[in-house]
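> Pasted the sequence and its predicted model underneath.
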Amino acid sequence: MNYHLILTRRCNLNCAYCHGGEETGPDTEISYSLDELIAFLKKDQDIQLMLYGGEPTLRIPLIVELMDTFPNARFMLQTNALLMNNIPREYVNRFHSILVSIDGPENVTDGYRSKGVYKRVLENVRWLRRYNFAGDIVARMAVSQESDIYRDVRHLLELGDPSFDHVHWQLNAIWAADENWVDFDGWIEKSYNPGITRLVTEWIDRMSEGIVEGIVPFIPIAYSLLTGQGASLRCGSGIDTFAIHVDGTIGVCPISPDWDFSLVGDIRKTDPSNLRSIMKVDEPCPSCDVFAICGGRCLFANKERLWGDIGFERVCGTVKHMINEIRERIPIIRTMIDGEIIALEDFKYPEYNNGCEIIP
């Protein structure tokens, strides 16, 4: 099973779209013992630990201790990368995937995250490359009203020094719309959906050169459309992916420790075998005509509807647009696969659930 292990709820940034920041107090730090964590995880035969926060690199000694304690576990890291270069080299090289928070060009990233963040992030990704990091480096964007999805994704894809293997994004569309957006509908209509269309078009064009660019949402969607293999909730939340919060409670999602519905166990008394498929998305998702491809988008959003039913449907409209744009081009992709310009294997991503939720 996959566990988002919350190492701390503190963060060394306070980004414009985040309701976290510099949390303080006893409930921000791990209160269970390592022995309790070991006793829980030893009941699982195949563990993957996705180190998460807050900002997990605020707890580098703990990262080292965890890697020493669980030598056979698969590790992922989601980080703002500002302190990443402080992780000892022999430990950073054990990560299968590192998701680096960066939102696009310098003015966009710094506008959301703070002046100077963009340059520090790129400097530390160069540090990874310099030591021949063999894992997957993912640029993970938070997309909000100052974002231009076409411009910002292309910028990250085309960086040469350093390069990212994949680019993924999530829309700033969980918390209340009035707090975060001036005109969400206008942005979707005039910027986001047209930008997605343009990205898909150019993504297909590059395939004629034998290149399947690492645009994370597009790749597994195309694979499902090519193979007919449907998808359950792609992030795995409530199915085979859970969060271990700092107090030892187990949740279906790392972003929702304060919502009672999401808490499904405790490491001190829960057996991992009792967690699998403990929660699924509700309607309207199972009856939706793209459910087999989308899988339900977001369990938390499905359960809470913080934007209301109408807002939930507005975000789903962006997913349907993306899926339809890719679906229309599947015959072209098939032709290139048949012509051995690209291969079906190019669309099998991720190898393991790496924290990319896939559906924005």
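Sure, I can see it. Bear in mind the structure is a predicted one, so any value in this text is a computation, not a measurement. Residues are numbered from 1 along each chain as shown.
> Which of the helices and strands in the protein ranks last by mean pLDDT?
Within the chain, no helix or strand scores below helix 177-180, which has a mean of 68 by mean pLDDT, DSSP states H and E.
> Would you tell me what the next helix or strand after that helix is?
Per DSSP states H and E, the first helix or strand lying C-terminal to helix 177-180 is helix 184-187.
> Where do the helices of the stretch 201-350 of the chain begin and end?
In the stretch 201-350 of the chain, the segments counted as helices under DSSP state H, counting those that start in this stretch are 218-227, 291-294, 299-304, 308-328, 330-338.
> Please compute how far the shortest one lies from its chain's middle.
With Cα atoms, centre = their mean, to the nearest Å as the basis, helix 291-294 stands 18 Å off its chain's centre.
> Dump the helices of the stretch 201-350 of the chain into CSV; add mean neighbour count as well.
All C-beta atoms are positioned from the backbone trio N, CA, C, and that covers glycine. Listed next are the helices of the stretch 201-350 of the chain as CSV, based on neighbours: other Cβ atoms under 10 Å:
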stretch, mean neighbour count
helix 218-227, 20
helix 291-294, 20
helix 299-304, 20
helix 308-328, 17
helix 330-338, 14
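> Can I get those helices in CSV including distance to Asn180?
Below are these laid out as CSV (distance: least, Cβ to Cβ, whole Å):
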stretch, distance to Asn180
helix 218-227, 25
helix 291-294, 23
helix 299-304, 14
helix 308-328, 11
helix 330-338, 34
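> Can you say which of these is nearest to Ser256?
With Cβ to Cβ as the measure, helix 299-304 is the member of these nearest Ser256 (5.0 Å).
> can you put the helices of the stretch 201-350 of the chain in CSV and add mean pLDDT and distance to Leu58?
Listed next are these as CSV, based on pLDDT from 0 to 100; distance: least, Cβ to Cβ, whole Å:
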stretch, mean pLDDT, distance to Leu58
helix 218-227, 98, 31
helix 291-294, 96, 34
helix 299-304, 93, 24
helix 308-328, 96, 31
helix 330-338, 98, 43
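> So for Asp260, which of these sits nearest?
Smallest distance to Asp260 across the helices of the stretch 201-350 of the chain (Cβ to Cβ): 10.9 Å, for helix 299-304.
> Show me the strands in the stretch 101-250 of the chain, by range?
136-143, 166-171, 241-244, 249-251 (DSSP state E, counting those that start in this stretch).
> So which of these is nearest Ser224?
Relative to Ser224, the nearest member of those by Cβ to Cβ is strand 166-171, separated by 16.6 Å.
> quick one on the thing from earlier: which one of the helices of the stretch 201-350 of the chain lies nearest to Leu49?
Smallest distance to Leu49 across the helices of the stretch 201-350 of the chain (Cβ to Cβ): 20.3 Å, for helix 299-304.
> before we move on, the earlier item: out of the helices of the stretch 201-350 of the chain, nearest to His245?
Judged by Cβ to Cβ, the one of the helices of the stretch 201-350 of the chain that comes nearest to His245 is helix 299-304, at 14.1 Å.
> Just give me how far the closest one sits from the chain centre.
With Cα atoms, centre = their mean as the basis, helix 299-304 stands 16 Å off its chain's centre.
> if we can go back for a sec, out of the helices of the stretch 201-350 of the chain, nearest to Phe242?
Shortest distance between Phe242 and these, using Cβ to Cβ, is found for helix 299-304: 11.1 Å.
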